[in-house]
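S.K.: quick one, fold the following:
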Amino acid sequence: MIDLHVHSNRSDGSFTPTEVVALAASKKLTSFALTDHDTIDGLAEAKAAGTALGIEVIDGIEFSTEYLGRDIHIVGLFIENTSLAFQKHLQNFVDARIWRNQKMCRNLQEAGIDISYEKLVSAYPDSVITRGHYSRYLFENGYVKSLPEAFDRYLGDHTKYFVPREKVTPAQAVELILSAKGIPILAHPTLYRMGHDTLHTLIRTLKDTGLVGMEVFYSTHTPAEEREMAKIARQYELLPSGGSDFHGKSKPKLEIGTGYGSLHVCDWVLDDLKAKRKELFNA
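M.R.: Coordinates of the predicted model:
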C-alpha cells in the first residue's frame with residue numbers, strides 16, 4: 001500500500017518527517033511521498049528515516065496556486081531539487097510567505113494579541129508558517145477555544161486580519177515541477193467545488209501545459225466521486241494518483257495510508273507514474 005500525499009511539520013503537519021516515516025511503517029506502507037507545502041526541507045530527514053526502516057520516501061512538494069480566485073494545489077512527485085532555478089523559485093515562495101506572515105502578525109497585534117513572526121518561528125521551528133500554525137498558537141495561548149474559532153474570528157479569508165499571499169498560477173506550478181524532472185499532479189479536484197465546465201477548462205489548460213496526473217483516490221472521496229475522477233482522468237489521458245493528505249493532529253481521525261478508513265492506493269498507481277517519468281525524462 002502507498003500514499004502519495006503526506007505532510008510533516010515542515011509545513012502544516014504536526015509530526016516530524018522521522019515521525020511520519022515511523023507512522024508509515026506502522027501502517028505497513030511500502031512507499032509514500034512527502035509533499036509539504038511549498039518546501040522540500042523535510043525530504044532529507046524523511047529519506048534517511050525511510051532507508052533505516054525500509055520504506056521508499058518519494059521526493060515531493062505541494063504548491064499552493066491561484067486560479068479564478070480559488071486556491072488550487074498542484075502536487076509534484078519525484079522532484080530533483082538540485083536545480084538552481086527550482087531552488088530560486090522556492091526561495092521566492094519563502095520570501096512571500098515571510099512578508100505575509102509579518103503583516104498578519106501586525107494585524108493581530110492590533111487586535112490585542114501578543115504575537116509576532118519571531119514568536120511563531122520560535123514556537124514552531126523548522127516549519128513553513130501557515131495559518132494552521134496561527135490557529136494552534138491562538139488556541140495554545142488561550143485566545144480561542146478551538147482551532148475552527150481561530151479561523152472564524154481571526155484567520156479566515158473574510159476577516160479583517162487576513163493577508164493574501166502572492167501565488168503562482170497552476171500552469172506555472174506545473175512548468176516548475178517539470179523543470180525539476182518531476183511529475184505534476186492536480187490535487188483533490190473535488191475540494192474546489194467548481195462547476196463542471198470550469199473544472200474541465202482548468203484540466204484542459206493544465207494538460208496542455210504538461211499536467212501528467214490527477215488525484216483520483218483521496219480521503220474524502222465517495223465511491224461516486226472516485227468513479228467520476230477516474231472517468232475525467234481517462235478523458236484527458238491523465239494518470240491516476242492519490243493519497244491521504246495526512247497532516248496529523250490538525251486533521252483528527254485522518255490516518256496516513258488509509259485516510260478516514262476506506263482509502264487504498266494500489267502499488268500499480270506508483271508503478272505507472274514511475275514509468276511515465278522514465279518516458280518523459282529517461283530518469
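S.K.: what ranges do the strands span in this protein?
M.R.: Along the chain, the stretches classed as strands by DSSP state E are 2-6, 31-34, 56-67, 70-77, 183-186, 213-218, 239-243.
S.K.: okay if I get those as a markdown table plus distance to residue 278 and mean neighbour count?
M.R.: The C-beta positions use only the backbone N, C-alpha and C, and glycine is treated the same way. What follows is these, written out as a markdown table (distance: least, C-beta to C-beta, whole Å; neighbours: other C-beta atoms under 10 Å):
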| stretch | distance to residue 278 | mean neighbour count |
| --- | --- | --- |
| strand 2-6 | 17 | 29 |
| strand 31-34 | 16 | 27 |
| strand 56-67 | 14 | 22 |
| strand 70-77 | 13 | 22 |
| strand 183-186 | 11 | 28 |
| strand 213-218 | 15 | 24 |
| strand 239-243 | 13 | 25 |
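S.K.: mean pLDDT added to those, as CSV?
M.R.: Below are the strands of the chain laid out as CSV (pLDDT from 0 to 100):
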stretch, mean pLDDT
strand 2-6, 98
strand 31-34, 98
strand 56-67, 94
strand 70-77, 95
strand 183-186, 98
strand 213-218, 98
strand 239-243, 98
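S.K.: redo those as TSV? Include distance to residue 169.
M.R.: Compiled in TSV, those are given as follows (distance: least, C-beta to C-beta, whole Å):
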stretch	distance to residue 169
strand 2-6	21
strand 31-34	23
strand 56-67	6
strand 70-77	9
strand 183-186	13
strand 213-218	17
strand 239-243	21
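S.K.: grab the most central residue of the chain for me.
M.R.: Central residue of the chain (C-alpha atoms, centre = their mean): residue 62, 3.8 Å from the mean position.
S.K.: measure that one to residue 111 for me?
M.R.: Computed as C-beta to C-beta, to the nearest Å, the residue 62 to residue 111 distance reads 30 Å.
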